[in-house]
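Peer 1: all I have is the shape, not the residue letters:
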């Protein structure tokens, strides 16, 4: 994440928090980020230097005017005018990080070899809530290469309890053994 994205994401969050709009803007920014990720041609249009800044902002107005909170729409226009619209996802990531911090939410990713059942997912969420003392938003990912077990990614840390990791540790241990 660039320093620019951090600065812009922080600025939007602070404005939203001060105005009591952090939840509304979070929800809308999340939707906009999803829309942008599904339509890369739209981002390409918004970042094309041959299209004037006024026309690019008009495209944003046409697409989102009246549907988004004005602070968020103006934020997107600023990103567009400054040539930073491609960094909208990183700006949202920074916004989400600040929002989660202020609301006691921990984002975590669980990587498993096969999809977790809803019961196992709920047990994992409950365990993480008990251990961290925070509300946990858990994203699930499937990676068959882990073979089994769970790899958790949260708070910039990785807790690896996968079979693949255990085999790698065993392999290292055996390679260092003198016969």
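Peer 2: Perfect, thanks for sending it. Treat the numbers as computed from the prediction; the structure is a model and nothing was measured.

Peer 1: now do residue 55, the pLDDT please.
Peer 2: pLDDT for residue 55: 94.

Peer 1: now it: how far from residue 80?
Peer 2: Going from residue 55 to residue 80 by CB to CB, to the nearest Å gives 10 Å. Where you see a C-beta, it was placed from the backbone N, CA and C, and this is true even at glycine.

Peer 1: and for residue 31?
Peer 2: For residue 31, the distance to residue 80 under the criterion CB to CB works out to 18 Å.

Peer 1: neighbour-wise, which of those two wins?
Peer 2: Neighbour count, other CB atoms under 10 Å: between residue 31 and residue 80, residue 80 has more, with 20 against 13.

Peer 1: isn't that one right up against residue 54?
Peer 2: No - counting by CB atoms under 8 Å, residue 54 is not a contact partner of residue 80; they are 10.2 Å apart.

Peer 1: just list what the helix or strand harbouring residue 42 packs against, helices and strands only.
Peer 2: Residue 42 belongs to helix 40-46 when assigned by DSSP states H and E. Using 3 or more CB pairs under 8 Å, 6 or more residues apart in numbering; DSSP states H and E as the contact criterion, the secondary-structure elements in contact with helix 40-46 are helix 22-38, helix 53-64.

Peer 1: return the set of buried residues in stretch 129-148.
Peer 2: Judged by neighbour count using 16 or more other CB atoms under 10 Å, the buried positions of stretch 129-148 are 134, 136, 138, 146.

Peer 1: how close does residue 48 get to residue 132?
Peer 2: Separation of residue 48 from residue 132 (CB to CB): 44 Å.

Peer 1: residue contacts, the residue positioned nearest the centre of the chain?
Peer 2: With the centre of the chain defined as its mean C-alpha position, the nearest residue by CA atoms, centre = their mean is residue 93, 4.7 Å away. The contact partners of residue 93, by CB atoms under 8 Å, 6 or more residues apart in numbering, come to 1, 5, 9.
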